[in-house]
Every structure is written in C-alpha cells, then in structure tokens.
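[1] Show me how the following folds:
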Amino acid sequence: MHAPNITWFSCSHEDVFIGNATGTLFNDLSVDSIQHALPRVIEATNRVLVGNGDYDMQVTTNGTLLSIQNMTWNGMLGFQSTPSTPMNIQIPELVYGGLLTETGTGSIGAQGIMGIQHYERGLMWAQTFQATHMLPMSQPRSAYRHLQWLLGHTETL
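    As a prediction, this is how the structure comes out:
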C-alpha cells in the first residue's frame, strides 16, 4: 500500500460528515459518488461490492439500498429485483476454535446464514447480520468471504 507513514485509527475521532472550513454539512459541493464515480467503477470492472452491517447505525442498510435504487449503472436504474439470496458462510473458525470448544461459548464450524446478498449488472450488495461498518472486527468470516468474492475466487457470498 502506498499510504503515508502516520498513526492510523480504526474510526475517526471527529465527525466525518462535517467539513473543516465551516463546520456545516453544506461546504462540500462535489458531485456525490452515486451520480458519477461509483457507476463508472462498476461499469469498468463488473465486480464491485457494497456492503452493510445490520447493526450499523451510521451507515444504515436502508439508506444504502435507497442510494443504489437512485443510481444508474450499466444502462439501468437501481436493482431490478429485491435482494433476497441468503449469504451462507461455511468457513470454520480457525483462530478461536480451541477457546470456543473449551468454554462452550460458540461454534467452530460453519456459521450458516449470515446475511443477504444480491448481484446485478456488476454490483454485489451484501447485508451482513450482527455486523457494524467495521465488518472484519464484528464478522471476520463474512469479511473474508467478501474479499474472496472481490478477488474473483468465488461467484457468490
């Protein structure tokens, strides 16, 4: 990664939706990514994943779906059918398996249905159950499956 050598934080300590110049929501006059950038990336790659965690109160699932429904890509507006395909995670727990077995507090086997996935015209949308916007922390096996899909190692989540 070509990232600056600084101390990184997992979340911002400042409100990321308010601009520095005026402290208001209205000082960013750039076109939102739904209108231009994201559709172009989808059309160029046909492998874009947009995801939500259902415990996320900052980036809500319904807000993301509404944005997708108002976006035109690959010649059509929004999804043409309702997302409903289950996301079945069959990846075993490798890191904490011994602890989970020893304490009887969890499963080391497959997780099972961990969300909903939907793919249309190059865009994969995923809602992950029991997850926040910090998906690798709250549902690492689902996050790993997302990465597998992005890299083209699997065709579904």
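
[2] can we go C-alpha only for contacts and neighbour counts from here?
    Noted.

[3] Regarding residue 125, what is its secondary structure?
    Of the three states, residue 125 takes strand under DSSP: H, G, I helix; E, B strand; the rest coil.

[4] what about the most centrally placed residue in the chain, helix or strand, and which?
    By C-alpha atoms, centre = their mean, the chain has its centre lying nearest to residue 51, at 2.3 Å. Assigned by DSSP states H and E, residue 51 belongs to strand 48-53.

[5] on that earlier part again, not counting sequence-adjacent ones, nearest residue to the residue nearest to the centre of the chain?
    Of all residues not flanking residue 51 in the chain, residue 126 sits nearest, at 4.5 Å (C-alpha to C-alpha, 6 or more residues apart in numbering).

[6] what is the one you found paired to in the beta sheet?
    residue 51, residue 117 (DSSP bridges).

[7] To what extent is it buried, counted in neighbours?
    Neighbour count of residue 126, defined by other C-alpha atoms under 10 Å: 25.

[8] what's the answer for residue 77, then?
    Neighbours of residue 77 using other C-alpha under 10 Å come to 12.

[9] how much space between residue 95 and residue 141?
    11 Å (C-alpha to C-alpha, to the nearest Å).
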